[in-house]
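# Turn this into a structure:
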Amino acid sequence: MTFNEFMNKVASKNQGEPEFLQAVKEVVETIWDVYVSDPRLVKANIMERIVEPERVVIFRVPWVDDRGDVHVNRGYRVQFNSAIGPYKGGCRFHPSVNLSSLKFLGFEQIFKNSLTTLPMGGGKGGADFDSKGKSEQEMMRFCQAFMAELYRHIGPNLDIPAGDIGVSGREVGFMFGMYKKLKNEFTGVFTGKGQHWGGSLIRPEATGFGVVYFAQEMLKNIGESVEGKKVAISGFGNVSWGACQKINELGGKVVTLSGPDGYIYDKDGVSGEKIGYMVEMRASNNDRVQDYAEKFKCEFFPGKRPWEVPVDIAMPCAIQNELNLDDAKNLVNNGIKVLAEGANMPCTPEAIHFLQKNNILFAPGKAANAGGVATSGLEMTQNSMRLKWSREEVDEKLQTIMRAIHDQCLQYGRFQSDFIDYIKGANIAGFLKVANAMLDHGVV
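Next up is the predicted model:
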């Protein structure tokens with residue numbers, strides 16, 4: 001079977017799922033030669049097995065608002081691959097949630113989790129629920145209704161969800177409380193928990209820290225550092241503020257943030273109390289970065305994205321496909337050196353191709369933003385051992401993991417030229433670990 005024949009077969013089985021098909025193509029085209037060169041993998045049909053979820057659970061979520069009206073949302077859990085460990089991946093509450101987006105995220109999670117070196121499989125879940133404008137009591141009732149079904153399908157040795165878009169520590173707490181009541185046990189079934197009941201230090205900011213650590217390793221590889229670099233960041237959630245904090249610690253300067261309303265340009269840099277304000281914005285579900293511009297007297301560009309600003313490093317940290325070909329051209333023309341994905345698949349395929357064609361160091365999300373799930377894995381370890389590590393211990397372990405991910409990318413992404421193909425390196429490294437585990441387990 002050729003690559004095109006394989007993709008046609010996947011497309012015919014997953015019609016109307018563009019995000020998932022985009023993710024599959026991006027991974028499979030980079031590992032196809034490795035796959036077909038190993039007769040063991042071909043004979044076991046590993047490729048067709050790895051793109052098919054082991055289990056997809058879809059369920060209704062009826063809940064009651066403050067007026068007493070009943071609403072019905074749709075809940076999901078995609079348990080994609082458990083070859084190297086229990087399913088691990090976030091729960092997302094957002095109106096855009098559908099089966100395609102969750103399969104894409106779950107598929108990416110397989111390889112991201114594999115790269116962390118920790119024993120975690122890939123999964124993802126959530127609901128097409130909009131948390132905007134909801135009271136705390138409405139959020140609690142929805143989370144409890146969601147967990148009233150999901151609890152049957154998760155567990156500390158089966159599937160360990162976490163937070164994601166629309167699911168912060170508060171929502172994790174509501175869901176865990178319901179799980180504990182239904183199961184009559186206290187186990188580490190969620191990550192991203194509160195500090196008072198099993199959560200890990202630096203978990204909220206870990207994805208942002210990890211992106212910066214990965215970019216730091218990329219720069220070290222060419223004899224440079226983050227110090228003195230200007231950085232464009234999109235979004236203003238946990239990933240963005242974690243990245244801002246770590247960039248400042250390493251001597252860089254963040255000059256942009258963005259939201260659905262546009263982006264801000266802060267020539268003095270996002271630091272100090274400004275980062276604290278980002279955390280407030282995130283907690284309030286306020287999607288307006290214009291408020292930041294008004295508070296700190298900086299420029300606001302309505303309806304635009306930050307990729308037109310001249311910077312050394314770009315970190316898209318918002319949503320998938322937020323950075324397109326025109327944005328990539330702007331970045332290259334303005335002299336960018338590194339792009340590290342802080343979100344899941346935030347760059348379109350055309351943008352990625354253009355950046356790599358122009359020898360820009362490009363870090364895919366499955367490698368660069370693995371710091372969040374890596375720290376979730378560290379939280380799972382602390383829960384299992386009934387321990388709590390210090391902030392410094394967790395941060396040190398996170399740095400070690402991100403360095404190991406970078407080393408894997410170098411191992412499989414360095415070819416005849418000096419240029420490192422981080423996409424191919426990450427995909428091959430993540431795939432081989434999972435594929436060999438599947439071979440060891442037989443046809444199951």
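# Walk me through the domains of the protein.
In terms of domains, the chain is parsed into 3-187, 206-363 (source: automatic domain parsing).
# got TSV for the ones you listed, with mean pLDDT, distance to R414 and mean neighbour count too?
Bear in mind the C-beta positions are built from the backbone N, C-alpha and C, glycine included. As requested, the domains of the chain are exported to TSV (pLDDT from 0 to 100; distance: least, CB to CB, whole Å; neighbours: other CB atoms under 10 Å):
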stretch	mean pLDDT	distance to R414	mean neighbour count
domain 3-187	97	14	19
domain 206-363	94	10	20
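# And the strands in the stretch 51-200 of the chain?
Here the stretch 51-200 of the chain has its strands, by DSSP state E, counting those that start in this stretch, at 55-64, 70-81, 87-93, 121-127, 159-162.
# how about the ones you listed in CSV, adding distance to E17?
Putting the strands of the stretch 51-200 of the chain into CSV (distance: least, CB to CB, whole Å) gives the following:
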stretch, distance to E17
strand 55-64, 12
strand 70-81, 11
strand 87-93, 16
strand 121-127, 14
strand 159-162, 22
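# Excluding chain neighbours, give the residue nearest to M178 in space.
What sits nearest to M178 in space, not counting adjacent residues and going by CB to CB, 6 or more residues apart in numbering, is M147, at 4.0 Å.
# OK, contacts around K180?
F186 (CB atoms under 8 Å, 6 or more residues apart in numbering).
# quick one on the thing from earlier: K103 versus the residue nearest to M178, what's the distance?
22 Å (CB to CB, to the nearest Å).
# Ok, N344 next?
N344 is 12 Å from K103, by CB to CB.
# again, but for V172
The value you get for V172 to K103, if CB to CB is used, is 23 Å.
# pretty sure Q245 is in a helix, no?
Yes. Applying DSSP: H, G, I helix; E, B strand; the rest coil, one finds Q245 inside a helix.
# Pretty sure it sits against G208.
Yes. Shown here, Q245 and G208 form a contact pair, counting by CB atoms under 8 Å, at 7.0 Å.
# wait, which of the strands of the stretch 51-200 of the chain is closest to Y179?
Closest approach to Y179 among these is made by strand 159-162 (9.6 Å; CB to CB).
# any residues touching the closest one, and which ones?
77, 79, 86-91, 120, 123, 125, 150, 153-154, 172, 175, 188-192, 372-373, 376, 380.
# Same question for stretch 42-61.
Counting contacts by CB under 8 Å, 6+ apart, the residues touching stretch 42-61 from outside are 6, 9-10, 24, 28, 35-36, 41, 72-82, 99, 103, 106-107, 110, 127, 129, 142, 145-146, 149-150, 153, 431, 434-435, 438-439, 443.
# Can you check the distance spanned by that stretch, start to finish?
Stretch 42-61 has an end-to-end distance of 41 Å (criterion: CA to CA, to the nearest Å).
# Tell me how far that stretch lies from the chain's centre.
20 Å (CA atoms, centre = their mean, to the nearest Å).
# can you check stretch 5-24 too?
21 Å.
# Let's see it as CSV, backbone CA atoms only.
Taking C-alpha atoms only, stretch 5-24 is exported to CSV below (Å, rounded to 0.1, in the frame of the first residue of the first chain):
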residue,chain,number,x,y,z
GLU,A,5,-3.7,4.8,-0.8
PHE,A,6,-3.4,4.7,2.9
MET,A,7,-4.6,8.3,3.3
ASN,A,8,-7.5,7.6,0.9
LYS,A,9,-8.6,4.7,3.1
VAL,A,10,-8.4,6.8,6.3
ALA,A,11,-10.3,9.6,4.7
SER,A,12,-13.1,7.3,3.5
LYS,A,13,-13.5,5.9,7.1
ASN,A,14,-13.4,9.4,8.7
GLN,A,15,-15.5,11.6,6.5
GLY,A,16,-16.3,15.0,7.8
GLU,A,17,-13.4,15.1,10.2
PRO,A,18,-10.9,17.6,8.7
GLU,A,19,-8.9,18.3,11.9
PHE,A,20,-8.3,14.6,12.4
LEU,A,21,-7.3,13.9,8.8
GLN,A,22,-4.9,16.9,8.9
ALA,A,23,-3.2,15.5,12.0
VAL,A,24,-3.0,12.0,10.6
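# circling back: any chance of the domains of the chain in CSV, plus distance to H196?
Output for these, formatted as CSV (distance: least, CB to CB, whole Å):
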stretch, distance to H196
domain 3-187, 9
domain 206-363, 17
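# Quick one, which of those gets closest to W197.
domain 3-187 (7.7 Å).
# Can you show me the helices along the stretch 201-350 of the chain?
With DSSP state H, counting those that start in this stretch as the criterion, the stretch 201-350 of the chain has helices at 206-221, 238-249, 273-283, 290-296, 325-333, 349-357.
# want to try a markdown table for those helices, with distance to R55 as columns?
Formatted as a markdown table, the helices of the stretch 201-350 of the chain follow (distance: least, CB to CB, whole Å):
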| stretch | distance to R55 |
| --- | --- |
| helix 206-221 | 26 |
| helix 238-249 | 28 |
| helix 273-283 | 32 |
| helix 290-296 | 42 |
| helix 325-333 | 37 |
| helix 349-357 | 29 |
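# Hmm, A127 is touching R77, no?
No. Using CB under 8 Å, A127 makes no contact with R77, being 10.0 Å away.
# Mind naming the longest helix for this protein?
Taking DSSP state H as the criterion, the chain has its longest helix at helix 391-413.
# Check the offset of stretch 134-143 from the chain's centre.
On CA atoms, centre = their mean, the centre of stretch 134-143 falls 25 Å from the chain's centre.
# What's the mean pLDDT across stretch 381-398?
Stretch 381-398 comes out with an average pLDDT of 96.
# Identify each buried residue in it, please.
381-383, 389, 393-395, 397-398 (16 or more other CB atoms under 10 Å).
# List just the nearest of the residues you listed to Y213.
L398 (7.0 Å).
# Next, the contact list for that closest one, please.
202, 206, 209-210, 213, 371, 374-375, 378.
# Tell me which two of those residues sit farthest apart.
Between any two of the contacts of L398 (CB to CB), the greatest distance is 14.2 Å, for Y213 and L378.
# Any chance of a markdown table for the contacts of L398, columns distance to N359?
Formatted as a markdown table, the contacts of L398 follow (distance: CB to CB, whole Å):
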| residue | distance to N359 |
| --- | --- |
| I202 | 34 |
| A206 | 30 |
| F209 | 27 |
| G210 | 24 |
| Y213 | 23 |
| G371 | 26 |
| A374 | 28 |
| T375 | 32 |
| L378 | 35 |
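# Tell me the one of the residues you listed nearest V279?
For the contacts of L398, the nearest to V279 is I202 (13.7 Å; CB to CB).
# surely the closest one meets E396?
No. Look at I202 against E396 with CB under 8 Å: they stay out of range, at 10.5 Å.
# any idea how far C91 is from A127?
8 Å.
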